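> Following is a predicted model, sequence given first.
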Amino acid sequence: MSRFVKVLVNGEIVMAQAGVSLGSVLHGRSPALRHSPVELQPRGLYCGMGVCFECLVMVDGRPERACITPVREGMAVEVQP
Amino acid sequence: MKAALLSCDVLVVGAGPAGLAAAAAARECGADVICVDLFTQAGGQYSMRPVVAGGPFDHSLQVADGRTAEARCRELGVRFLFDTEIFWAEPGFSVFARQGPDSVTIRASAMVVASGAMERAIPFNGWTLPGVITAGAAQRLIKANRASPGKNVVLAGTGPFLLAVADTFAKAGKHLRAYVEMQRPALSLFSPFLHHPARFGEAVGLLQSLRRTRPAIHMGHMVTEALGDGRLEAVRVAAIGRNGLPEKDKSFLIENIDSLCIGYGFRPVIDITSLLHAAHHFDSSLGGWYCAADPATQQTDVPRLYAAGETTGIGGSVPARLSGRLAGLDAARAVGNTVSVPSMDGTRRALARARDFAASLAKLFPFPGHLIERLSPEEKVCRCEDVSRAQVEAAVGEGAADLFSVKMWTRAGMGPCQGRICGSALGDLVAGRLGIAAEAAGYNRPHMPLRPVPLNIAEAALALAGEPKESTGTPA
């Protein structure tokens, strides 16, 4: 049996299987994760392997690539929808 | 935060097929080996091991390969550092990295760089819309995370890897709305198997998998545009004409989709080998810029710096394993171990043969770099810094003649990805504009830091550069 953890996404509780990437959880919820820095265009998961930085979200107050960050119980995530 | 200083005979960068083979080979000869990888598990993008057990990929060939190779390394006593990302390296060798929330500095007498490959992207109109992901990202979502790219998915691009991704969808019981491949079906697609019949069964299996995903199959077509308001909703697909470009009057929309997974092939990851001043060459059929290595030993032109696997040109897991083994054995020899393996000629012949098969496949699915010519002037080439095609061309018009000067002019390639995503397309764009060969446009030179790293971690890692002995501590 896989274990589930609770992740807070913009204050909303999201259940996720322990160990999966935060990127996979956020992408399934809504593909738009952030705005580009110059023109504020919507962006989301793209390369999925830590190279492109398009899935950069705030995790417990620090910028992290969601695609290579495993979910943890109680993780507080801020996305720019 | 902790700061560790480690030392070893041979440092292997990357725990994919090439890195694991190199680590095991060097350790077998008695070398003290450390192997680092960005991910939390060994196996690389090839194995893509599931992080949640109980799915259809737990016992796949690729996952089993990764597990076996890692177990062999552990049995031999290879030291693994996962969640470890190198942000700088110096000749001789000192390597500076973030390991989880900590810093690590590693000194090594020899290095094997098996840093693998990444997607070789071609920007197209709408490619930055959320919902447009690389073919590799789709595979990682499904295989590693048991997630899904979307409910209505189009898989597009060119090359045998697309079939591997379709196979992933099939094994996970998922359907595809459409499969869009640039090449037309032709008997010539079977030619590589005349000389490599052992690989034929693999190809047939992949085609059967594709059928199981029940897609509309559009061969000789390509996705010309992704459309949607804030996220992907549709794609435009066009037939490819005799000139190799899409025909506008032969296009149609695929609507009500939420995911486009697109892949045109891969390019070698060369940031560490170029940082350490190894020679690099350009060959489009090998993925563009690759690190040059002696095929007999995998040593680069920098003494005791080795490169193996995709870093030395895209070829897949078979040449990766073989070149990794050659690199590991020679690295162990170079640092003073006795290599008691009787002869490496068999491995060298097998490597040449595996490279030959990869080259014959690559010839059938040439990289369509010329497609960048179809990008709208206002569409972005560099995603990180929002730099459009028009801005890049304006810079070239004002005198920028290579990737470095385009970066200085426009910031293209200056963002967190450091030109990894846009570099190939920027090269084609600049070369096309100036009428020069793609290699004449150069490649993005590595700068500190290779990858974004928290300042306190960078500071702690670099502070240990001159320390004499291994240590772990909390920096003052």
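Yep, it's here. Numbering: from 1, shown residues only, chains lettered A, B, ... in the order given.
> List the residues that contact the closest residue to B:C382 other than its chain neighbours.
Nearest residue to B:C382, sequence neighbours excluded (C-beta to C-beta, 6 or more residues apart in numbering or on different chains): B:A412, at 3.8 Å. Every residue, glycine included, has its C-beta placed from N, CA and C. For B:A412, the contact set (C-beta atoms under 8 Å, 6 or more residues apart in numbering or on different chains) comprises B:381-382, B:385, B:387, B:391-392, B:406, B:419, B:422, B:426.
> Now the most centrally placed residue in chain B: phi and psi?
Taking C-alpha atoms, centre = their mean, the centroid of chain B lies closest to B:A117, which sits 1.6 Å from it. With angles defined as degrees, to the nearest 10, B:A117 sits at phi -130, psi 160.
> confidence score at it?
In this prediction, B:A117 carries a pLDDT score of 97.
> can you pull the contacts of it?
Contacts of B:A117 (C-beta under 8 Å, 6+ apart): B:45, B:266-269, B:287, B:310-311, B:314.
> Let me know the closest of the residues you listed to B:I372.
Nearest to B:I372 among the contacts of B:A117 is B:R267, at 14.4 Å by C-beta to C-beta.
> Return the set of residues that bridge with the residue nearest to the centre of chain B.
Judged by DSSP bridges, the bridge partners of B:A117 are B:P268.
> which residues in chain A form helices?
A:22-29 (DSSP state H).
> where does it dip in pLDDT?
Applying pLDDT under 70 to chain A flags residues A:1-2.
> Point me to the residue of it nearest chain B.
A:G48 (2.8 Å; C-beta to the nearest C-beta).
> Save the contacts of B:A412 as TSV, and put in neighbour count and secondary structure too.
As requested, these are exported to TSV (neighbours: other C-beta atoms under 10 Å in any protein chain shown; DSSP: H, G, I helix; E, B strand; the rest coil):
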residue	neighbour count	secondary structure
B:V381	28	strand
B:C382	28	strand
B:E385	21	coil
B:V387	25	strand
B:Q391	21	helix
B:V392	26	helix
B:V406	30	helix
B:G419	25	coil
B:C422	28	coil
B:L426	30	helix
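> which among those residues gets closest to B:F124?
Among the contacts of B:A412, and counting by C-beta to C-beta, the member closest to B:F124 is B:V381, at 10.7 Å.
> Touching, the closest one and B:L375? I think so.
Yes. B:V381 is within contact range of B:L375, at 7.1 Å (criterion: C-beta atoms under 8 Å).
> can you give me the helices for chain B?
Going by DSSP H, chain B shows helices at B:17-28, B:44-47, B:61-76, B:135-139, B:160-171, B:192-195, B:200-212, B:271-275, B:317-334, B:345-364, B:389-398, B:403-410, B:423-434, B:455-463.
> okay, now the closest residue to chain A within chain B: neighbour count?
Residue of chain B nearest chain A, by C-beta to the nearest C-beta: B:A137 (2.8 Å). Each residue near B:A137 was counted by other C-beta atoms under 10 Å in any protein chain shown, and the total is 29.
> who touches it in this structure?
Per C-beta under 8 Å, 6+ apart, neighbours of B:A137: A:45-49, A:67, B:149, B:261.
> mind running it again at 10 Å?
B:A137 makes contact with A:23-24, A:27, A:45-49, A:51-52, A:55, A:67, B:119, B:149, B:165, B:259, B:261-263, according to C-beta atoms under 10 Å, 6 or more residues apart in numbering or on different chains.
> Having no further points to raise, I will conclude here.
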